[in-house]
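Q: what's the 3D shape of this:
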Amino acid sequence: MKKSGILNARLSGALARLGHTDTVVIADCGLPIPHDVEVIDLALVFGVPRFIEVLDAVRDEIVVESVVAAHEAVSTPAGDWLDQRFDDVEHISHAELKERVRDASVVVRSGETTSYANVILQCGVPF
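A: Reported below is the predicted structural model:
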C-alpha cells in the first residue's frame, strides 16, 4: 500500500503516465466531457470531493508548467482558489475552455458545484 499521495489507483496511474506538455483537467461536476477523453470520476455526491481538494492532491503529484481557466471564473470563489495557488493563470472564455478539454490527456471530475471551478493544468518537467 502507498504510504502517501493519491491512493486512487486509476488517478495515480494516469498522473504517472503524463509527460511534458500533456494536460490534465480538474473539473466541477457539471463540465461537459467529450466521450473520447479519459475521465476519472471522483464525484460522490454534490460537493464531494471539493475542487480544491482534488486540485491540491493533483498539484502535489505533478509539475505544473501552465494553468488555464475561464475568464468567467475571475473574481469568483473558483478564481480566488486558483489565484491563491498559481502566480500566472491564463484566462480564456468558458466556451474555449470546453473546446480545449477535447485535447486533455485526462479529466478528473470532482463533486464541486461552484460555478466555473474548472482548470487545465499543463505538465512541465522536474529538471
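
Q: report how many residues lie close to Val125.
A: For Val125, the tally of surrounding residues (other C-beta atoms under 10 Å) stands at 9. Bear in mind the C-beta positions are built from the backbone N, C-alpha and C, glycine included.

Q: distance of it from Asp22?
A: 11 Å (C-beta to C-beta, to the nearest Å).

Q: max-length strand in this structure?
A: Secondary structure assigned by DSSP state E gives strand 64-70 as the longest strand of the chain.

Q: what packs against it?
A: helix 77-85, strand 89-92, helix 94-100, strand 119-123 (3 or more C-beta pairs under 8 Å, 6 or more residues apart in numbering; DSSP states H and E).

Q: between the ones you listed, which gets nearest to Val108?
A: strand 119-123 (9.7 Å; C-beta to C-beta).

Q: contacts only, for the spatially most central residue of the chain.
A: Computing the C-alpha centroid of the chain and ranking residues by C-alpha atoms, centre = their mean puts Ile26 first, at 1.9 Å. By C-beta atoms under 8 Å, 6 or more residues apart in numbering, Ile26 lies in contact with 51, 54-55, 58, 108, 110, 118-119, 121.

Q: for it, which three-state class applies?
A: Recorded secondary structure, Ile26: strand (DSSP: H, G, I helix; E, B strand; the rest coil).

Q: do you know how far it is from Met1?
A: Using C-beta to C-beta, we find Ile26 at a distance of 25 Å from Met1.

Q: ok, Asp103 touching Val25?
A: No. Contact criterion C-beta atoms under 8 Å: Asp103 and Val25 do not qualify, at 9.7 Å.

Q: what pairs with His91 across the strands?
A: The partner list for His91 in beta bridges (DSSP bridges) reads Ala69.

Q: just give me the neighbour total for it.
A: Quick note: His91 (other C-beta under 10 Å) scores 17 neighbours.

Q: any idea how far it lies from Val68?
A: Where Val68 is concerned, His91 sits at a distance of 8 Å (C-beta to C-beta).

Q: can you check Val58 too?
A: Plainly put, Val58 is 15 Å away from Val68 if you go by C-beta to C-beta.
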